[in-house]
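[1] only geometry, no sequence info:
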Ligand code: GLP
């Protein structure tokens with residue numbers, strides 16, 4: 001795992017955004033695995049600026065997002081589809097038909113999850129997979145547990161995740177209790193994985209991801225087995241390393 005130290009959120013966003021930009025420039029028809037959350041917002045802004053400056057062309061890029069809340073439609077302002085549209089897709093020349101987020105309303109969700117994995121594989125897998133990390137070491141919505149789950153699946157969110165994500169909802173009761181997420185196998189199929197982390201609240205998870213035992217109790221620890229991971233993190237997130 002290569003560690004890129006950033007001073008603060010701005011610096012992390014610039015450095016990570018430039019890595020994604022380099023991917024788009026060097027392979028204009030690349031497949032990007034994308035993430036939501038507060039962490040990547042600044043990096044997406046950097047990509048929008050790159051597009052506006054005429055440096056980035058998204059017309060041939062395909063994207064597959066990590067996860068989506070179960071039960072939220074794509075136009076709900078807390079859905080991850082809405083997040084992606086408003087933070088990135090609406091501001092660059094990407095073809096929305098080439099952007100994919102798990103369907104939060106899928107009724108036959110097992111079939112939908114299997115189809116999602118097949119679509120990622122049929123696209124040739126992710127050239128670059130962007131990841132944030134949960135306070136509890138989750139990646140996507142793969143929560144701490146006793147196994148690594150291979151494919152896209154439905155998860156019960158842990159209390160700590162519901163609590164952490166409630167800051168974005170009107171009330172904690174509005175936070176969905178379940179989500180669909182790419183599995184660990186889907187994530188690990190990416191040729192490059194770019195992890196972003198900022199803030200002291202992530203310090204323990206970042207430490208355990210890099211130096212802890214490889215265990216499903218810290219799902220991000222599996223990244224130790226991937227040959228091409230870059231972590232861009234600020235000083236606070238690296239404070240225990
Ligand atoms: C969320 C998302 C993850 C994200 C993580 C951290 O619940 N499912 O994909 O990486 O938790 O979020 P944040 O960047 O807001 O700290």
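    Perfect, thanks for sending it. Computed from a prediction, not measured in an experiment: that's the story for all the values here.

[2] write out the residues of this protein neighbouring the ligand.
    By C-beta under 6 Å from any ligand atom, the residues of the chain that approach the ligand are 35-39, 66-67, 132-134, 140-141, 161, 165. C-beta coordinates here come from the backbone N, C-alpha and C atoms, glycine included.

[3] neighbours around residue 45, how many?
    16 (other C-beta atoms under 10 Å).

[4] rewinding a little: just the buried ones from the residues of the chain next to the ligand?
    By neighbour count, with 16 or more other C-beta atoms under 10 Å, the residues of the chain next to the ligand hold 35-37, 39, 66-67, 132-134, 140-141, 161, 165 as buried.

[5] could you pull out the buried residues of the longest helix along the chain?
    Counting residues, the longest helix in the chain under DSSP state H turns out to be helix 9-26. The neighbour-count check on helix 9-26 (16+ other C-beta under 10 Å) flags 9, 11-17, 19-21, 23-24 as buried.

[6] tell me the buried residues in the least confident helix or strand in the chain by mean pLDDT?
    When each helix and strand of the chain is scored by mean pLDDT, DSSP states H and E, helix 159-165 comes last, with a mean of 93. Counting neighbours by 16+ other C-beta under 10 Å, one finds that the buried residues in helix 159-165 are 161-162, 164-165.

[7] that helix: how far from the chain's middle?
    17 Å (C-alpha atoms, centre = their mean, to the nearest Å).

[8] can you list contacts of it?
    Contacts to helix 159-165, defined as C-beta atoms under 8 Å, 6 or more residues apart in numbering, come from residues 134-136, 138, 141, 143, 157, 172, 175, 177.

[9] likewise for stretch 111-120?
    For stretch 111-120, using C-beta under 8 Å, 6+ apart, the contacting residues are 31, 33, 64, 100, 102-103, 106, 126, 151-154, 180, 182-183, 186, 189.

[10] phi, psi of the spatially most central residue of the chain?
    Computing the C-alpha centroid of the chain and ranking residues by C-alpha atoms, centre = their mean puts residue 35 first, at 2.4 Å. With angles defined as degrees, to the nearest 10, residue 35 sits at phi -130, psi 160.

[11] quick one: it and residue 66 touch, right?
    Yes - counting by C-beta atoms under 8 Å, residue 66 is a contact partner of residue 35 at 5.3 Å.

[12] which stretches of the chain form helices?
    Under DSSP H, the chain gives helices at 9-26, 41-52, 80-87, 109-122, 159-165, 184-188, 203-211.

[13] and residue 3, which of these is closest to it?
    Among the helices of the chain, helix 203-211 comes nearest to residue 3, with 7.6 Å by C-beta to C-beta.

[14] and that closest one, what's buried?
    203-210.

[15] now do the same for residue 230: its pLDDT.
    On pLDDT, residue 230 comes in at 98.

[16] tell me what it is bridged to.
    residue 2, residue 194 (DSSP bridges).

[17] so it versus the ligand, what's the distance?
    The gap separating residue 230 from the ligand is 16 Å, by C-beta to the nearest ligand atom, to the nearest Å.

[18] number of nearby residues for that residue?
    17.

[19] quick one: contacts for it?
    1-2, 4, 19, 192-195.

[20] mind putting the residues you listed in CSV, pLDDT and distance to residue 46 included?
    Formatted as CSV, those follow (pLDDT from 0 to 100; distance: C-beta to C-beta, whole Å):
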residue, pLDDT, distance to residue 46
1, 96, 22
2, 98, 19
4, 98, 14
19, 98, 10
192, 98, 18
193, 98, 19
194, 98, 13
195, 98, 17
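
[21] can you name the residues bridging to residue 131?
    Going by DSSP bridges, residue 131 forms beta bridges with residue 195.
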